[in-house]
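Participant: Fold the following, please.
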Amino acid sequence: MGGGIDGALAVQRAALDAEMERRGQWPADAPWVREAVAALPRDRFAPDRLWRWDGWAYVPVDRALDRDGWAGEVYGDVTSPAITQVTGGLPSSSLSAPGVVADMLDSLRLEPGHRVWDIGTGQGWTAALAAWRTGAGRVVSTEVDGGLADLARGRLASAGLDVEVVTGDGTRDGLPADGPVDRLHATYAVESVPWSWVRAVRPGGRIVYPWGRLGYAALTVAEDGAGAHGWVHGLARFMGDRCGPAQPSTGPAAFALVRADNDAEVRRVLDRDPAGVDDWGVRFALRVAVPDAVLVTEDGPDGPVVLVHDGAQSWAEARPGPGGVSRPVLLQGGPRRIGDEVLAAWAQWEGLGRPTVHDYGITVTPEAQWAWHAGPDGPRWPIAQPTSARAVTT
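Facilitator: Numbering: from 1, shown residues only. A predicted model of the protein is given here:
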């Protein structure tokens, strides 16, 4: 039976490799990534229980009971993560999507001998891939969940890799070893970059991290260490900092909680189809300009309905006209007009020439952070710095 399982996994690995090649997701400038994934396949870092969304809840998929289903979760799609832990009914850890992992490692520009701080060890796969590239004793990884940290240590040791795994809060505790490092790689999302991360990276070094609820960026630390800036490199959704502020919930149920039984305070006719908000260029522009806006699109009797809320008290609802004949209508309520904010950001994106995600970047200083378009001197939007992620200068 063991040979059968190994043979089936070998087929799955080959299929992943071929699909990554077909989609052009193996980095041309970093061929080592493909070699590392072949040497350290992700199934060797997956726990024996994974989780699958069945339309109502996350249900377990156990390797011992459903080996094909388990392998399907590990290798199901190059753009999909494998959920490895569920807490309170929601995913709390995962093996990130292979395509995203490859692109982020490419963005990191790793070289042999680099010292790397990997934050958010999880199952240990990205730390393993980084160690394959940089060499023994060059990667230190921080994981806030002690149980996950212990499991990752075991997997890394079984793979013959010399990686130090530290149990701690990488967002707030600072570098757990003598610094600075050449590269910092975070695997969970933060809205703002802790200044301790910038201080932990040598001048000219790079920080690659998931930015809030959508996207990931690669920053270069300035030669004088006084800041860091760089471009957004791609689109993806990541789990947030477990010790940070809770992110607004998504889905129609979350919208219903914000709206409650409140009637609309403002109603007006729209001159555009609200369904256009599902364009990824629009979505990212809204993520930049109105970062706390949560958008949900659901089917209505006359066409797509767009629901927007801020996770607190303000909401908006854009509906097509009855029968799809009359013009769409916008309803809003709460202390702010979040629907108007979304529409203004949408119009601004169009005025900028409908830029893609790769046309945006981020600058980080001890005092402030902001996103920008077309270059650091272009149009900019402030990034809020919550107390939990503010600059640490000592």
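Participant: okay, CA-based contacts and neighbour counts for the rest of this
Facilitator: OK.
Participant: Tell me the strands beside the longest strand seen in the chain, with direction?
Facilitator: For the chain, the longest strand by residue count, based on DSSP state E, is strand 201-210. Partners of strand 201-210 in the sheet, by DSSP bridges, are strand 181-186 (parallel), strand 216-221 (antiparallel).
Participant: if we compare those, which one ends up closest to residue 330?
Facilitator: Comparison of these against residue 330 by CA to CA identifies strand 216-221 as nearest, at 31.5 Å.
Participant: Which positions in that closest one come out as buried?
Facilitator: For strand 216-221, a neighbour-count test (16 or more other CA atoms under 10 Å) marks 216-221 as buried.
Participant: Turn those residues into CSV, columns for pLDDT and distance to residue 334.
Facilitator: CSV is the format used below for the buried residues of strand 216-221 (pLDDT from 0 to 100; distance: CA to CA, whole Å):
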residue, pLDDT, distance to residue 334
216, 95, 31
217, 97, 33
218, 98, 36
219, 98, 37
220, 98, 40
221, 98, 41
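Participant: from those residues, which is closest to residue 146?
Facilitator: Closest to residue 146, out of all of these and judged by CA to CA, is residue 216, at 26.0 Å.
Participant: Give the closest residue to the closest one in space, chain neighbours not counted.
Facilitator: The shortest distance from residue 216 to any residue other than its chain neighbours is 4.1 Å, reached at residue 210 (CA to CA, 6 or more residues apart in numbering).
Participant: quick one, what contacts the one you found?
Facilitator: Going by CA atoms under 8 Å, 6 or more residues apart in numbering, residue 210 touches 186-190, 216-217, 237-238.
Participant: For the residues you listed, which entry has the maximal number of neighbours?
Facilitator: Of all the contacts of residue 210, the highest neighbour tally under other CA atoms under 10 Å goes to residue 216, namely 28 neighbours.
Participant: wait, what's in contact with the residue nearest in space to the middle of the chain?
Facilitator: Closest to where the C-alpha atoms of the chain average out (CA atoms, centre = their mean) is residue 238, at 2.8 Å. Residue 238 is in contact with 187-189, 210, 212-214, counting by CA under 8 Å, 6+ apart.
Participant: Can you add distance to residue 299 and give those back as CSV?
Facilitator: Compiled in CSV, the contacts of residue 238 are given as follows (distance: CA to CA, whole Å):
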residue, distance to residue 299
187, 33
188, 31
189, 29
210, 30
212, 27
213, 23
214, 23
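Participant: Restricted to helices, list these.
Facilitator: Counting by DSSP state H, no part of the contacts of residue 238 is found in helices.
Participant: Among the contacts of residue 210, which one lies nearest to residue 361?
Facilitator: residue 217 (7.4 Å).
Participant: which ones are touching the nearest residue to the closest one once chain neighbours are set aside?
Facilitator: Leaving out its chain neighbours, the residue that sits closest to residue 217 by CA to CA, 6+ apart is residue 232, at 4.1 Å. Residues near residue 232 by CA under 8 Å, 6+ apart: 215-218, 357-362.
Participant: For residue 232, which three-state class applies?
Facilitator: strand (DSSP: H, G, I helix; E, B strand; the rest coil).
Participant: how much space between it and residue 181?
Facilitator: Going from residue 232 to residue 181 by CA to CA, to the nearest Å gives 22 Å.
Participant: Give me the pLDDT for residue 232.
Facilitator: The model reports residue 232 with a pLDDT of 97.
Participant: follow-up on the earlier one: and the buried residues of strand 216-221 as a markdown table, adding distance to residue 139?
Facilitator: Shown next, in a markdown table, are those (distance: CA to CA, whole Å):
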| residue | distance to residue 139 |
| --- | --- |
| 216 | 21 |
| 217 | 21 |
| 218 | 19 |
| 219 | 19 |
| 220 | 19 |
| 221 | 19 |
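Participant: Now stretch 56-72: average pLDDT?
Facilitator: Mean predicted confidence for stretch 56-72 is 92.
Participant: do the same with stretch 142-150
Facilitator: pLDDT averaged over stretch 142-150 gives 94.
Participant: Quick check: buried residues in that stretch?
Facilitator: Buried, per 16+ other CA under 10 Å, within stretch 142-150: 142-145, 148-149.
Participant: mind checking how far the helix ranked longest in the chain is from the chain centre?
Facilitator: Ranked by number of residues, the top helix in the chain under DSSP H is helix 2-22. Relative to its parent chain, helix 2-22 has a centroid offset of 26 Å by CA atoms, centre = their mean, to the nearest Å.
Participant: Now the element after it, going C-ward?
Facilitator: Next in sequence after helix 2-22, counting helices and strands by DSSP states H and E, comes helix 32-39.
Participant: Which elements pack onto the next helix or strand after that following helix?
Facilitator: The first helix or strand that comes after helix 32-39 along the chain, using DSSP H and E, is strand 49-53. Counting contacts by 3 or more CA pairs under 8 Å, 6 or more residues apart in numbering; DSSP states H and E, strand 49-53 packs against strand 58-62, helix 67-75, strand 82-87.
Participant: Ok, which of those comes nearest residue 24?
Facilitator: helix 67-75 (17.2 Å).
Participant: Residue 211 versus the residue nearest to residue 217, what's the distance?
Facilitator: 9 Å.
Participant: So for these two, which residues contact both of them?
Facilitator: residue 217.
Participant: picking up where we left off before, pull the most distant pair out of the buried residues of stretch 142-150.
Facilitator: 142 and 148 (10.4 Å).
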